[in-house]
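Peer 1: 3D model of this:
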Amino acid sequence: MSRQDRVAEAIKKEISLILHDELNDPRLGFVTITKVEVAHDLSYAKVFFSVLGTEEECSKTRKALDSALGFIRKLVSERINLRLAPEIAFQEDKTIEYSIHIQKLLDEIRGQDESKKSSRVHKKK
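Peer 2: Numbering: from 1, shown residues only. So this is what the prediction gives:
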């Protein structure tokens, strides 16, 4: 595992802990840090998050994260031994929603296939 990957994992862990233990913002919904991408020089970290809830809850969570950005960056820099604290940017991770959407489509297709099969069975009788 490269240094870049280790730093990304450390940032992911620390931000998750900060969100869970340190932030008391009521706008913060049920948020999960899904992935962190760190620049080669470790100066920038893109933090992907997912929110369980409505689009409105996601918007409120994003605003809470953006308003706490300085606080989060300060704590991350204190807890991870780096020369410079990376700039942090939050990015919503839509992969979970996309996966749910694809699963619903597959279920619909399976349901249509099942109804076609059952109608063929009834016609043969």
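Peer 1: make it CA atoms for all contacts and neighbour counts henceforth
Peer 2: Fine.
Peer 1: Helix, strand, or coil at H20?
Peer 2: helix (DSSP: H, G, I helix; E, B strand; the rest coil).
Peer 1: Quick check: phi and psi on T32?
Peer 2: Backbone dihedrals for T32, given as degrees, to the nearest 10, come out at phi -130, psi 130.
Peer 1: I88 and D66: what is the separation?
Peer 2: To D66, I88 is 10 Å away according to Cα to Cα, to the nearest Å.
Peer 1: Domain boundaries for the chain, per the record?
Peer 2: 3-93, 95-125 (automatic domain parsing).
Peer 1: more crowded one of I88 and D66?
Peer 2: In terms of neighbours (other Cα atoms under 10 Å), I88 is the more surrounded of I88 and D66; the figures are 21 against 15.
Peer 1: correct me, but the more buried one touches Y44?
Peer 2: Yes. In this structure, I88 sits in contact with Y44. The criterion is Cα atoms under 8 Å, and the distance is 6.0 Å.
Peer 1: tell me which element V76 is part of?
Peer 2: V76 belongs to helix 69-79 when assigned by DSSP states H and E.
Peer 1: Quick one: residues in contact with that helix.
Peer 2: The set of residues external to helix 69-79 that reach it, using Cα atoms under 8 Å, 6 or more residues apart in numbering, is I11, E14, I15, I18, L84, A85, P86, E87, I88.
Peer 1: The second one: neighbour count?
Peer 2: Other residues lying near E14 total 18 when counted by other Cα under 10 Å.
Peer 1: do the same with K94
Peer 2: The number of residues packed near K94 is 12, by other Cα under 10 Å.
Peer 1: now swap in G53 and tell me
Peer 2: Other residues within reach of G53, judged by other Cα under 10 Å, total 11.
Peer 1: quick revisit: most widely separated two among the contacts of helix 69-79?
Peer 2: Between all members of the contacts of helix 69-79, the longest pairwise span (Cα to Cα) is found for I18 and L84 and amounts to 19.0 Å.
Peer 1: who's more crowded, these two?
Peer 2: I18 (15 against 11).
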